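1. From the sequence below, what's the structure:
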Amino acid sequence: MINQNWWFTTLLIRQFKYCPPLNKDIKCDVLIVGGGFSGMSAAAEFLQKGFKVVLIDRNIVGGSSSGRSAGFLTPDSELELHQLVRRYGPDAAREIWAMPCRGIDRIVQAIKKNNIECGLLQQDSLFLGIGKGGMEAVASERECRESVGFTDQQVYDEKELKGVLGAEGFTAGIRYTGTYGVNPLACLQGLKDILIDNGMQVFESTEMLRLDDHTAYTHGGSITADHIIIAVDKLKSSLSPLAGEIFHAQTFMSVTEPLTDKELNVLFPGGKQMQCWDSKLVYSYFRLTGDNRLLLGGGSPLSTFLPSAYNGPFIIKKVIKEFKGRFPHLRDLSFIQFWPGLIDTTRDLLPIIVKPPGQPHLQFILGIVGLPWATFAGSFAARNILGDAVEDYAKYYPYFSNRRHFSLPSGLAKIVGKPVLFSLANSWAKFYQVDTHRKPVAMKDEF
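-> Model prediction:
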């Protein structure tokens, strides 16, 4: 295997618009910093609204976390629905779950409306339980989906699973509809072309180095804007103290040669493709791409909470070995590429969207896990500027504020280190947390 992002490989046979770096000083109505799903979704809200919009990215659009992801379009990210129900209760969990569901609809509609070629596949989601704990997690997920009013779920016991998945060792599973897989980098590059065709300016290889009031400075020029949305990963502390609120989880992905018809029938004997993940704390996940390659990802407790990226093949080889142990009839699959991904998140695994005190023109979108969540968050921030959907802001502020209740204080990182703090907070949020502090006192103009 070589260390190379498969999605970048797919760009070799496509042609998207060239966006040179910024090399002058300009002005605009709205500046968006970051060309992932948050930034691009925010930009799309301003189409045909009469705003002069500029978007910059330090890489190419989609070149960071969004374009390194597995392309799962599912509400699940780091948190399952049953975990949200435990934390907030059924009504609040339904509100939260609606965010990524709206994000999925937004992505799929944009792809279909604009005929973007990005390997969009309708793939049901299948959450797989391992051992007794996994059986309980599946049962809890079923109960919680019913409690919030969902009716599309189907539960499998160990024997029934073999009719839809050619695997061994999974004790239960729950499947639901309305989810998709996509080539995220091709999707974002396609959306970039749409933005440019509609008069927006996009500058790639353009990193924001400094922010001074309404002006963002880059190596080659500056942008002064009435409104600024910062939707970046790996935020630097020199740009904002909010960087201290962001933690990192590391995962690894790999891809195979295209599967034969025989291998496809072994993987999904029921004939229906699904995107799958298991119940481990550091879970493994897999799905098929548009050209029938198997995309497999996962990690280990040792590497997940490291503060910086690990680029060796050791971890992904263990994930592949475990996968082939559960799918012995696919043990001859050849994995050709792998790549690491360092995901931004928060202590409680929900995003932060916030206006800093005294800076009503500025919004940060941080710690987003999951493409649908990022898409909703970008739309949310843009609609704040447009003055749309005021009810959304009142509803979601308690979940998004950086001053919401956290089980462990960020200052603890100075004592135990950020990786240790995050591993503790991550485990607590996923398996034990019950949140009774949903109503922080609102700052003036925070939303």
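
2. What segments of the stretch 151-300 of the chain are strands?
-> Along the stretch 151-300 of the chain, the stretches classed as strands by DSSP state E, counting those that start in this stretch are 154-157, 172-176, 180-181, 201-203, 210-212, 215-217, 222-230, 247-258, 274-278, 285-288, 293-298.

3. Paired strands for the longest one, with orientation please.
-> Taking DSSP bridges as the criterion, strand 247-258 sits next to strand 293-298 (antiparallel), strand 335-345 (antiparallel) in its sheet.

4. In the last one, which of the residues would be classed as buried?
-> Read it as strand 335-345. Burial within strand 335-345, assessed by neighbour count using 16 or more other CB atoms under 10 Å, is assigned to 335, 337-345. C-beta coordinates here come from the backbone N, C-alpha and C atoms, glycine included.

5. what's the helix or strand following that strand packed up against?
-> Using DSSP states H and E, the helix or strand that follows strand 335-345 in sequence is strand 352-354. With contacts taken as 3 or more CB pairs under 8 Å, 6 or more residues apart in numbering; DSSP states H and E, strand 352-354 sits against strand 362-366, helix 371-386, helix 390-400.

6. orientation of the longest one relative to strand 335-345 in degrees?
-> To tie it back to what came earlier, the one meant is helix 371-386. Orientation of helix 371-386 against strand 335-345 (axes from the mean of the first three to the mean of the last three CA atoms, to 10 degrees) gives an angle of 40 degrees.

7. Can you list the helices and strands that helix 371-386 packs against?
-> With contacts taken as 3+ CB pairs under 8 Å, 6+ apart, helix 371-386 sits against helix 37-45, strand 72-73, helix 90-114, strand 222-230, strand 352-354, strand 362-366, helix 390-400.

8. looking at the ones you listed, which is buried most?
-> helix 37-45 (a mean of 28; mean count of other CB atoms under 10 Å).

9. what separates the next helix or strand after it from the chain centre, distance-wise?
-> Note on helix 37-45: by DSSP H and E, the next helix or strand toward the C-terminus is strand 53-56. Relative to its chain's centre, strand 53-56 lies at 21 Å (CA atoms, centre = their mean, to the nearest Å).

10. ok, residues contacting strand 53-56?
-> 22, 26, 28-33, 35, 39-40, 43, 46, 61, 195, 200-204, 206-208, 216, 218, 223, 225 (CB atoms under 8 Å, 6 or more residues apart in numbering).

11. now the stretch 301-447 of the chain, which segments are flagged as low pLDDT?
-> 303-309, 389, 436-447 (pLDDT under 70).

12. picking up where we left off before, return the member of the buried residues of strand 335-345 nearest to residue 86.
-> residue 345 (18.7 Å; CB to CB).

13. Quick check: the gap between that closest one and residue 281.
-> 14 Å (CB to CB, to the nearest Å).

14. Repeat that for residue 169.
-> Applying CB to CB to residue 169 and residue 281 gives a distance of 17 Å.

15. Neighbour count for the two, which is higher?
-> Using other CB atoms under 10 Å, the more surrounded residue of residue 169 and residue 281 is residue 169, with 14 against 11.

16. show me the contacts for that one.
-> 130, 325-326.

17. let's see 6 Å
-> Counting by CB atoms under 6 Å, 6 or more residues apart in numbering, residue 169 makes contact with residue 326.

18. can you offset everything so residue one is 28?
-> Noted, 28 is the first residue going forward, which turns the last one into residue 196.

19. If any of the contacts of strand 80-83 are buried, put those into a PyMOL selection.
-> Command for PyMOL that selects the buried part of the contacts of strand 80-83, burial taken from 16+ other CB under 10 Å:
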select buried, resi 49+55+57+58+59+60+62+66+67+70+73+88+222+227+228+229+230+231+233+234+235+243+245+250+252
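
20. Tabulate the strands of the stretch 178-327 of the chain (JSON lines), appending distance to residue 292.
-> Formatted as JSON lines, the strands of the stretch 178-327 of the chain follow (distance: least, CB to CB, whole Å):
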{"stretch": "strand 181-184", "distance to residue 292": "18"}
{"stretch": "strand 199-203", "distance to residue 292": "18"}
{"stretch": "strand 207-208", "distance to residue 292": "19"}
{"stretch": "strand 228-230", "distance to residue 292": "43"}
{"stretch": "strand 237-239", "distance to residue 292": "54"}
{"stretch": "strand 242-244", "distance to residue 292": "53"}
{"stretch": "strand 249-257", "distance to residue 292": "46"}
{"stretch": "strand 274-285", "distance to residue 292": "14"}
{"stretch": "strand 301-305", "distance to residue 292": "14"}
{"stretch": "strand 312-315", "distance to residue 292": "12"}
{"stretch": "strand 320-325", "distance to residue 292": "13"}
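
21. lowest-confidence stretch among the ones you listed?
-> Confidence, taken as mean pLDDT, is least for strand 274-285 of the strands of the stretch 178-327 of the chain (a mean of 91).

22. Just the residues contacting that strand, thanks.
-> Applying CB under 6 Å, 6+ apart, the external contacts of strand 274-285 come out as 33, 97, 318-324, 326, 330-331, 333, 342-343, 360-362, 364-370, 372, 449.

23. Any idea how many residues pack against residue 436?
-> 11.

24. Equivalent analysis for residue 339, please.
-> Counted by other CB under 10 Å, the residues lying close to residue 339 total 12.

25. Secondary structure class of it, three-state.
-> Following DSSP: H, G, I helix; E, B strand; the rest coil, we place residue 339 in the coil state.

26. For residue 365, see how far away it is.
-> Residue 339 is 10 Å from residue 365, by CB to CB.

27. how close does the residue nearest the centre of the chain get to residue 386?
-> Nearest to the mean C-alpha position of the chain, by CA atoms, centre = their mean, lies residue 397 at 2.0 Å. From residue 397 across to residue 386, the span is 27 Å (CB to CB).

28. before we move on, what about residue 421?
-> Computed as CB to CB, the residue 421 to residue 386 distance reads 21 Å.

29. Spatially nearest residue to residue 393 (excluding sequence neighbours)?
-> residue 379 (4.5 Å; CB to CB, 6 or more residues apart in numbering).
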